[in-house]
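Visitor: Got a predicted model here, sequence first, then my questions.
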Amino acid sequence: MNQTKQWDASHYDEKMNFVSQYGRGLIDWLQPVSGERILDLGCGTGDLTAQLAESGAHVVGCDFSPDMIDAARSKYPHLSFSIADAHTYRSSEPFDAIFSNAALHWMKQPEQVAETIWLALVPGGRLVAEFGGKGNCGQVIEALRATLAHRGISADERNPWYFPSIGEYASLLERQGFRVVLSSHFDRLTLMPDGDGGLRHWLDSFCSPFFNGLSASEIDEICSDVNERLRPSLYRDGQWYVDYKRIRVIARKEERAARTEAKP
């Protein structure tokens, strides 16, 4: 859901399907109920949307990427998917719950997204989300920063992500009017597929904004440099890992209490 990121849905499903696999645990936090309306915000290729629908809930998936939505519609033609920007998305019919896995950190105006979520929920409705928290992929970002700096490129100016602390994000939701019910910020060292090629798959999948304007050979050189910088810390027994740090949060849209005059 980031305008500078071009998604390859087939590569995502083949090499990065761990994202949806980890997201299945987030469904336990949501506890979907048959008959309720749920929005899957940043649904990707729809795997978790489909799992949510198995509860009997009426689920709608949306994502900024047309390629992701095309793949979701092809895989799950019986479900409803739409192309939408979470910063401006509006629904004519409110939802009982909004579910979001590994998407909110791609949205660089989080206040606008919080307003979107607020307006899309019924009073008393809930947000259940997981996304990258402060320090997420920190070692990878530092390696990219150092490698790009040698080429006169600022990685910070190209960074496509928003990785807040719990305090930052809870405060943002509270300013919007939400009550934060539960939150967690935890480490999840995450195994990449395909052995020695694992980190390159991750860089190809998620880091294209860092490589804007560079040739294929320049990107290859940068990725090779990043690999060597990270090999001592993130390559173990023939496998690559990425240093994920995730936030999970449950928040509720508080019902507005009727105003009453104070009695003397």
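Guide: Now that the structure is in, tell me what you want to look at. Numbers count the residues shown, from 1 in each chain.
Visitor: In contact with the closest residue to Ser55 other than its chain neighbours, which residues?
Guide: Leaving aside its chain neighbours, Ser55 sits nearest to Pro32 (4.0 Å; criterion: CB to CB, 6 or more residues apart in numbering). C-beta: built from backbone N, CA, C; applies to glycine. Pro32 is in contact with 38, 52, 55-57, 97, 99, counting by CB atoms under 8 Å, 6 or more residues apart in numbering.
Visitor: same thing but at 6 Å, please
Guide: Going by CB atoms under 6 Å, 6 or more residues apart in numbering, Pro32 touches 38, 52, 55, 57.
Visitor: so how far is Gln51 from the last one?
Guide: Counting by CB to CB, to the nearest Å, the gap between Ala57 and Gln51 amounts to 10 Å.
Visitor: In terms of packing, which of the two has more residues around it?
Guide: Neighbours per residue (other CB atoms under 10 Å) separate Ala57 from Gln51, with Ala57 holding more: 20 against 16.
Visitor: what's the closest of the contacts of Pro32 to Glu221?
Guide: Using CB to CB, Leu52 comes nearest to Glu221 of those, at 42.0 Å.
Visitor: What lies in contact with the helix or strand hosting the closest one?
Guide: Taking DSSP states H and E as the criterion, Leu52 maps to helix 47-53. Identification of contacts with helix 47-53 by CB under 6 Å, 6+ apart yields 20, 23, 32, 38, 40, 43, 59, 61, 76, 79, 101.
Visitor: repeat that for 8 Å
Guide: 17, 20, 23-24, 26-27, 30, 32, 38, 40, 43, 59, 61, 72, 75-76, 79, 81, 99, 101.
Visitor: Please spell out the PyMOL selection for the buried subset of those.
Guide: Here is the PyMOL command that selects the buried residues among the contacts of helix 47-53 (16 or more other CB atoms under 10 Å):
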select buried, resi 20+23+26+27+30+32+38+40+43+59+61+72+75+76+79+81+99+101
